[in-house]
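Engineer: just to be clear, the model below is a prediction. Sequence and coordinates:
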Amino acid sequence: MQVLWQLVRGYTMSYASNPLVNWLLSRSYGQGGTVAVPSSAPLVSTGLARRGKFPAGVGDVLERLVDQYSSWPTPADQGISVEWCFLVGGPGNGKSEALKELAEVLMIKLPPKVKGAPAQRVVPAGWPSQAETVVPGLEIAFINDASIPHSFPLTNGQRGSLFIDVREGIDRFLKKRMPIVLFGNVNRGILVEEQDALRGTIHTTMADEIAEQIILWLANPPFQTNEAQGHSEIQTLVPLDPLKPYYAQFMVRLVNRGADHNIVVHVVFLDVLSLLEPTPGIQGKAVNFSSNPPEVEPYDTIGGFSSDAVSREKTIAGELLSSLLSAGDWEQGGCIDRQGGTLCDAYNRCPFAQNTKWLRNQQLQRRFLDTLRAAEVASARRFTYRDLLGHISLSILGQPEPEWLKGSEPCHWIAGKVRDLDNVNTKGDTIVDLVSHRIYMNLFPTPDKTAWKRARARSQRRDTIYGAAMKRMTLTGEAPRIQAFEQAFNHIDPARDVDSWNGIRSAVLEIAESLEIEFPSVQLSRGGLIPSDALSKIERIVDQVLRDEVITELGSGSIHGDSSAPLTRTRFLRKWRSTLILRQVGLALGHVAFETVLIAWLAEQNNALRGGSTPLDLGQGIQALILPPASKFLLAPLRPRTYSMAGKLPKNTLLVEIPLADLRVEIISHGDTLLAEVIRTRRPLDTVTTLVVDLAVAREALLHAGGNTYSFTEIGNSAFARIERARASLVSRRRMRNATVYFTDEVGNRYRVATNPAGSAPLRVIPS
Amino acid sequence: MSTIPSWVEEIFQLPRPEYPKQAEALLTDLIWRSQGSILSGGGGQPSFLKELAKLPRSSKKLPAMDRLIPQRISGGNPDIIETFPIAQTSPITELISIVDYTPAPTKALLESILAPRSRGDRSLTCVPIHPQAVVLQTLHGLVNKPEPPNMAEAIEVVGRLGGSDRKGAVASRFLQIVSQTTRANEGLTGLLDAMFAHISKHVWGTLPTLPCAGYVAHPFVKWMVLLLISSFVLQLWFSQMKRCKSISRIY
């Protein structure tokens, strides 16, 4: 009778298939939905309608280009400059989307997208003999992807495809043919390759020479303006500035070489600022072209995690996220069953819908965006658009299930699971599948699969939470997202944190432990510890099924003589529930692991960007890390570790004295990258060494800021080597030419090697 | 299975992948055997390592003289040549005036360049921070094998694949950087340059005269000693790299 009722109930329930879920799935890592190609595909199918704002500078430059081209005079005045643009950055930063937008505004039809066919390097395909007309008397060629080589055989073999594009463009000007605009999307690696390809080549034409100068400028943009000198046709108008490193400009002077026009080149670097920090300028206007040269707004950051006063909601990432959470796409639209016009019956138990509800809550959304920013700092890299969409998709949907990738819609999968919840025999298995797609489980990978495997015990029963949870926590496979972010989220996983969270952490663990007395989900809900939008019916069902299973395990004893197995399984289940609840509360309240260090990093960066003359805690820690707090100190330069010698000196060791008076550590922010530079303050001034400050270095530095001179044992893959290298640069061969040398004997007595004032030997040893 | 070498094998002409545990062995072998180092011979000059191996030993059962290690530790092969004891006796009076029973810095220098010990090692290695320090060890000695894989060749092939213009360029570049002429009183840099020159000269000259070597009354060895001392000391710094005029600009 019960089975029959379930069948009837299942049949009469209404489920919806949300198109946004499918769209998000296509944007998940590895699914290719975010790969843009220059095509004229309709907006809806490409998802253009959901595109966020461009990175700083891109929109301003596009506007500027359109203004210039639309006012292009016919016939063109001699001397008027033609404006080119290069967008520089890695894949997934929005370069191709920018190209598509410009083409659309200029009403240039891009070729249709052919499924399976490779993207076209240049539009039009007939370039360099053909180009698209912008306005009468002005043409354009779009270099969509400079990493795709030209299909025609390269002359002289060694030169790069981009070099040829630029040369052909310059050649048109020098031969007084129709002026051309080049709009190029360039990967940084390609610039390095192009630069290498030019090494040692001898140019025979002026176009070749100028093209080489342009490539070299793009590969190494200068930090200072310059006048065109001697043979150089390049004049830097807007140099790169560490505080605003997303835009630079130069002019190619061709009129003096017989051409009718000069070229002004806008260069936008798309990957130097975080999309999780405010876009420079008022209302996103980062480059102001009303003045000449244009004014570039400096990068400024929030300087920490969100508070009542500041948040990341209005950042590019925040707005992109919000655009995917509107009720119209979910409970008021996408989740409405089209036939019955009712809300999907799975809604309350659907992790996708509940995750969206989580993210729509202002406080929870702020914490989520903070967590993404923390992952950027922890991974020492920034989210591209593709990464952002991948993580938003991951947060809402979770890792794609194998069925989804074979064509089954995720919403159908959810509907099937919700139906299975009514079946007592599959309830345990099913609820684990559902809770494993909750936002707090989606973001953080399993910390230590082997540890979970070790905690395994034999299970006699099928369809248990234990079996399903074990399978989920020990599932090994290729992580779909970029490994740096996978590791970063593992690092900042709230379940791995050891901080007290102002007493919240122990309270949360107590809640998890008291499962049999009162459901943790109920306790969280009643205590108001986290916003109600962070709770769902899914957790309630988990607690219900889990409590039943724990009680069964503890009451079962052992059938096969292994009396510890039920206890082991119970321990595993409690650990699993604790992990869930720690992640849930941690994400909801913004308590990620290394929170203090991450906030210190963000504050230090903000201080550096605002020109703070005194370093904050982190900066002082880095100073102490590289240069010990003393007027001078001894280093053992030839030992494997270059650390300051204090107290009793090691025996039989060569030592040098480092005077600190002429050294200081400066913290600077190059875009979003935080650097510590050791500067020699005496003339000749120079930078002795540079150290990138990432999470591992920041942790070590904060330890030293507190006066502790020990180190963490698990400092990270290369962090220790980098710190060591920074210290070792103090004892470089060049610097050591002026060093005072000491050594110790077999009992640790110290001697100095000094210049010998008399006798044939140039040196002498004197006790010190 | 096809015996025709594929293009991969043609490009990646790497010796068999048997690598020593000690990282220091890589740089050591690079300086001993790379074409970019004068020690590898060429241009009418013999390979220093091969000539060293040709030196007779007092017993045919002993391994060749090209097996040099800085210092043996418990369980190591006693027949391998230890260089630190020789190096410590290097006369440095023409470099450093020592009075009033003050010690010479030789032992401190040698102990300072000792590398971290690898697990299970039978000998201590040193970090060849100076080209002249390679006289203190050879890859053959560190791995205690007659014909270890040619690490220098492997490094140079990798360098070639990375864009170097010729085989030997990696060693050449390294030697250019460290081959600066300094005066002995120019701080630590000057001291290292001067002391390693003295030490290498002394070790090189002493090797054929050791009791375990067959030096006694062997006319070939007398000739070898003269040749090697002059070649090693004089020519290391006047190699192709040394003559490069861009040294001062690089450094």
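Structural biologist: Everything's here; your move. From a predicted model like this one, the values you see are computed outputs, not experimental measurements.
Engineer: contact partners of stretch A:416-430?
Structural biologist: A:6, A:9-10, A:13, A:15, A:345-346, A:349-350, A:431, A:433-434, A:463-468, A:541, A:545, A:549 (Cβ atoms under 8 Å, 6 or more residues apart in numbering or on different chains). For glycine as for every other residue, the C-beta is placed from the backbone atoms N, C-alpha and C.
Engineer: how about the residues of chain A by chain B?
Structural biologist: Contact residues (Cβ under 8 Å from any Cβ of the partner chain) of chain A with chain B: A:196, A:636-640, A:651-654, A:656, A:731, A:733-734, A:736-741, A:743-746, A:751, A:753, A:755-756, A:759-767.
Engineer: re earlier: just the contacts of stretch A:416-430: which are in strands?
Structural biologist: Of those, none are assigned to strands by DSSP state E.
Engineer: buried members of these into PyMOL, please.
Structural biologist: In PyMOL syntax, the buried subset of the contacts of stretch A:416-430 is picked out as below (16 or more other Cβ atoms under 10 Å in any protein chain shown):
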select buried, chain A and resi 10+13+15+345+346+349+350+431+433+434+463+464+465+466+467+468+541+545+549
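Engineer: in strands, which of the residues of chain A next to chain B fall?
Structural biologist: A:654, A:656, A:741, A:743-744, A:751, A:753, A:755, A:763-767.
Engineer: wait, what's in contact with residue B:105?
Structural biologist: Contacts of residue B:105 by Cβ under 8 Å, 6+ apart are A:654, A:741, A:743, A:751, A:753, A:765, B:96, B:191, B:195.
Engineer: now with 10 Å, please.
Structural biologist: When contacts are counted by Cβ atoms under 10 Å, 6 or more residues apart in numbering or on different chains, residue B:105 touches A:652, A:654, A:741-745, A:751, A:753, A:763, A:765, B:92, B:95-96, B:98, B:112, B:191, B:195.
Engineer: phi, psi for it please.
Structural biologist: phi -80, psi 10 (degrees, to the nearest 10).
Engineer: any idea which element the nearest residue to residue A:641 once chain neighbours are set aside lies in?
Structural biologist: Spatial nearest neighbour of residue A:641, excluding adjacent residues (Cβ to Cβ, 6 or more residues apart in numbering or on different chains): residue A:724 at 6.5 Å. Using DSSP states H and E, residue A:724 sits within helix A:719-728.
Engineer: got the buried residues for that helix?
Structural biologist: A:719-720, A:722-723, A:726-727.
Engineer: go through the residues you listed and name the one nearest residue B:121.
Structural biologist: residue A:720 (22.3 Å; Cβ to Cβ).
Engineer: go ahead and confirm the closest one touches residue A:640.
Structural biologist: No: shown here, residue A:720 and residue A:640 do not form a contact pair, counting by Cβ atoms under 10 Å, at 11.4 Å.
Engineer: residues from the stretch 151-251 of chain B in reach of chain A?
Structural biologist: Within the stretch 151-251 of chain B, the positions near chain A by Cβ under 10 Å from any Cβ of the partner chain are B:163, B:165, B:177-178, B:180, B:182-195, B:251.
Engineer: repeat that for 7 Å
Structural biologist: B:163, B:182, B:184-191, B:251 (Cβ under 7 Å from any Cβ of the partner chain).
Engineer: report how many residues lie close to residue 57.
Structural biologist: All of this is about chain A. 30 (other Cβ atoms under 10 Å in any protein chain shown).
Engineer: not quite, go with chain B.
Structural biologist: Residue B:57, neighbours per other Cβ under 10 Å, totals 17.
Engineer: list the contacts of stretch A:16-25.
Structural biologist: For stretch A:16-25, the external contacting residues (Cβ atoms under 7 Å, 6 or more residues apart in numbering or on different chains) are A:31, A:47, A:324, A:329, A:334-338, A:344, A:352, A:393, A:396-397, A:400, A:404, A:409-412.
Engineer: helices and strands of the chain: which one has the lowest mean pLDDT?
Structural biologist: Looking at chain A here, since you left the chain open. Lowest mean confidence among the helices and strands of chain A (mean pLDDT, DSSP states H and E): helix A:43-46, at a mean of 43.
Engineer: show the subsequent helix or strand relative to that one.
Structural biologist: Using DSSP H and E, the helix or strand that follows helix A:43-46 in sequence is helix A:58-70.
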